[in-house]
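K.L.:
build the 3D model from these lines:
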Amino acid sequence: MISPAFAHLALNSVGYAVAYCGIPFWRNDMKIEVSVGSVLESAASVGILGWLGDTDLPDSLASSVEAADFTGKPNQTVVVYPRTEGLPTRLVLVGLGEADKVDGERIRQAAASAIRVARGFGEATVAMGLPEGLVVAGAELGEAVAVGLLLGNYRFLRYRTNLSDAESHEIEAVEVLVGATELDAVSGGVATGTIVGNGVVFARDLVNTPGAEKTPPQLAQRAVELGEQVPSISVTVLDENELEAQGFGGVLAVGKGSDSPPRFIIMEYGADLEGVPTVCLVGKGLTFDSGGLNIKVGDFMTNMKNDMGGGAAVYGAMKVAAELQLPVHLVGLVPSAENMPSGRSFRPGDVVTTLSGSTIEVLNTDAEGRVILSDGLHYAQRYNPAAIVELSTLTGAAIIALAHHATGLMSTDQSLADALLAAGESAGDRAWQLPLWEEYREMVKSEIADVKNLAGPAGGSITAGAFLAHFAGDVPFAHLDIAATGWLDKPVKPYQAAGATGAGVRLVAQYLRDLVG
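P.N.:
Below you'll find the predicted structure:
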């Protein structure tokens, strides 16, 4: 059953959905085009030039830069004001490091570093160039540039008021200048990178939105709007009555303490045809997590609007796959609830019967994400997928183990794990594998139910993965714990911003692209 609209839906000039009194919920603000030429011969007022740390600057710039001011180390930026006729009046030099170490990630980070500096000049358009002879070239180069520019340019200003023109300025267009032989390949890469980058932006906007404006019914409505924007994605939403009728015990248990009812969101792209792989993505959609009756204390509740980051990554990956027209049958499943304390809340000691029929002993209501995911993982099996990939901001233990540099990966199938690890490295959205041995599955067994939702502090991320694997059946399954990477109080990389990162979108999108060749 499709949930009713919660806000007026209109379309702006580029076909993107507009909600909440005309404020864009997702955007495609900056256009990136590719042309033949050199930034050193551009008429643009502002230019960006990537440069290698082991290469001398061209003669036209050498006299304008003190050697000590720019060594070309990765992401170093310096603004040059050339006095040579024919050059941009302001040129942002950005370092790429040594030539033999330049890869797609270096390009992404350099583009992000430079666009932030360039935005400060208040110009509508910027020209960008890179040195010749890079190992990264063609489509890979174009994609990395586009992703870096879009993510580096990202800001979440929806609730900011009375901003000055300088504070609110956005670059409208970037012209990437390349040699004639590279034009087609780089253009294709930019087109792909724009789709990928905007998929991440979409997920970031969802996560950054306050919980009061993305309750489970509202989050479901965002999926409906996504289906309207990208018609190749079909959307079905199960409301609380359908959940009750079908036996979604996990979602209902977590959601019953809130005045906002739970939802189960189903997005489908492509068709189940011979020769076309079916992949199910399952994403945690906890729109706000108070901890329930085991209420969070102190600052631990502050950023809990981000607890639907896994669901947001599924939305973003669905959008990317559909817009790239990948030959895959992709199903996105997002169980969504709000975990609130009330007289109706589920309790420690309760036993929950899930959609699969398996029972869960609830030891702590703040370990609720895995409870709703149990229903999503079982539901996924009805599609007979080749793989189930699940994403969730699941455990603080993932942050202790990996800091903010990698997503925790656990899998029941090593081939699937290897494919995801390789995709993460390629996309710059890295994961690190943790074991999922039988001993960990023993740790989540319960004395009074089939499994318990908490196994103690030891190996917290791994035992959470073992709990989820119980509900994935015999289908190759991978759990991606993005608690460490999905939200940052302080950015780690230049293309990140404080708040939501959109972790998982690039990794999953690259995995799907690799899968279908």
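K.L.:
wasn't residue 74 part of a helix?
P.N.:
No - Residue 74: not assigned to a helix; according to DSSP: H, G, I helix; E, B strand; the rest coil it is coil.
K.L.:
correct me, but it touches residue 107?
P.N.:
No - Residue 74 lies out of contact with residue 107 (Cβ atoms under 8 Å); the separation is 10.4 Å. Every C-beta, even on glycine, is put in place using the N, C-alpha and C of the backbone.
K.L.:
what touches both of the two?
P.N.:
residue 96 (Cβ atoms under 8 Å, 6 or more residues apart in numbering).
K.L.:
more neighbours: which of those two?
P.N.:
Relative neighbour count places residue 107 above the other of residue 74 and residue 107, with 24 against 18, counting by other Cβ atoms under 10 Å.
K.L.:
quick check, residue 48 in a strand?
P.N.:
Yes - checked against three-state DSSP, residue 48 lies within a strand.
K.L.:
tell me, how many residues neighbour it?
P.N.:
30.
K.L.:
residue 111 versus that one, what's the distance?
P.N.:
8 Å (Cβ to Cβ, to the nearest Å).
K.L.:
and residue 385, by the same measure?
P.N.:
To residue 111, residue 385 is 35 Å away according to Cβ to Cβ.
K.L.:
also residue 150?
P.N.:
Where residue 111 is concerned, residue 150 sits at a distance of 9 Å (Cβ to Cβ).
K.L.:
of these two, which one has the most company?
P.N.:
residue 111 (31 against 28).
K.L.:
list the buried residues in the helix or strand where the more buried one lies.
P.N.:
Here residue 111 sits within helix 104-119, counting by DSSP states H and E. For helix 104-119, burial by neighbour count (16 or more other Cβ atoms under 10 Å) applies to 104-119.
K.L.:
so which of these is the closest to residue 270?
P.N.:
Using Cβ to Cβ, residue 104 comes nearest to residue 270 of those, at 27.0 Å.
K.L.:
check what pLDDT the closest one gets.
P.N.:
On pLDDT, residue 104 comes in at 97.
K.L.:
just give the nearest non-adjacent residue to it, would you?
P.N.:
Excluding its sequence neighbours, the residue lying closest to residue 104 (Cβ to Cβ, 6 or more residues apart in numbering) is residue 144, at 4.2 Å.
K.L.:
helices or strands next to the strand or helix carrying the one you found in the packing?
P.N.:
Using DSSP H and E, residue 144 sits within helix 138-152. Packing partners of helix 138-152 (3 or more Cβ pairs under 8 Å, 6 or more residues apart in numbering; DSSP states H and E): strand 31-36, helix 104-119, strand 173-178, helix 183-208.
K.L.:
and the ones you listed as a markdown table, adding distance to residue 335?
P.N.:
Shown next, in a markdown table, are the helices and strands packed on helix 138-152 (distance: least, Cβ to Cβ, whole Å):
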| stretch | distance to residue 335 |
| --- | --- |
| strand 31-36 | 36 |
| helix 104-119 | 32 |
| strand 173-178 | 39 |
| helix 183-208 | 16 |
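K.L.:
following whatever helix or strand residue 311 lives in, which helix or strand shows up next?
P.N.:
Take DSSP H and E as the rule and residue 311 turns out to sit in helix 309-323. Using DSSP H and E, the helix or strand that follows helix 309-323 in sequence is strand 329-339.
K.L.:
now the helix or strand in which residue 218 is found, how far from the chain's geometric center?
P.N.:
Using DSSP H and E, residue 218 falls within helix 216-229. Centroid separation for helix 216-229 versus its chain: 17 Å, with Cα atoms, centre = their mean, to the nearest Å.
K.L.:
what's in contact with the next helix or strand after that helix?
P.N.:
Where DSSP H and E defines the elements, the next helix or strand beyond helix 216-229 is strand 233-238. The contact list for strand 233-238 (Cβ under 8 Å, 6+ apart) reads 1-3, 220, 223-224, 226-227, 246, 248, 263-269, 318-319, 322.
K.L.:
now with 7 Å, please.
P.N.:
1-3, 220, 223-224, 226-227, 263-269, 318, 322 (Cβ atoms under 7 Å, 6 or more residues apart in numbering).
K.L.:
and the residues you listed, which are buried?
P.N.:
Here, 16+ other Cβ under 10 Å leaves 3, 220, 223-224, 226-227, 263-269, 318, 322 buried among these.
K.L.:
low-confidence stretches in the protein?
P.N.:
1-28 (pLDDT under 70).
K.L.:
and with 80 instead?
P.N.:
Where the chain drops to pLDDT under 80, the residues are 1-29, 63, 83-86.
K.L.:
what is the burial count for residue 135?
P.N.:
For residue 135, the neighbour count with other Cβ under 10 Å is 13.
K.L.:
spatially, what comes nearest to it if we skip its sequence neighbours?
P.N.:
Nearest non-adjacent residue to residue 135, counting by Cβ to Cβ, 6+ apart: residue 102, 6.0 Å away.
K.L.:
next up, the contacts around the one you found.
P.N.:
Taking Cβ under 7 Å, 6+ apart as the test, what residue 102 contacts is 96, 134-136.
K.L.:
which two in these are spaced the farthest apart?
P.N.:
Among the contacts of residue 102, 96 and 135 lie farthest apart (Cβ to Cβ), at 10.8 Å.
K.L.:
I figured residue 250 hits residue 376, correct?
P.N.:
No - if you go by Cβ atoms under 7 Å, residue 250 and residue 376 don't touch, sitting 8.3 Å apart.
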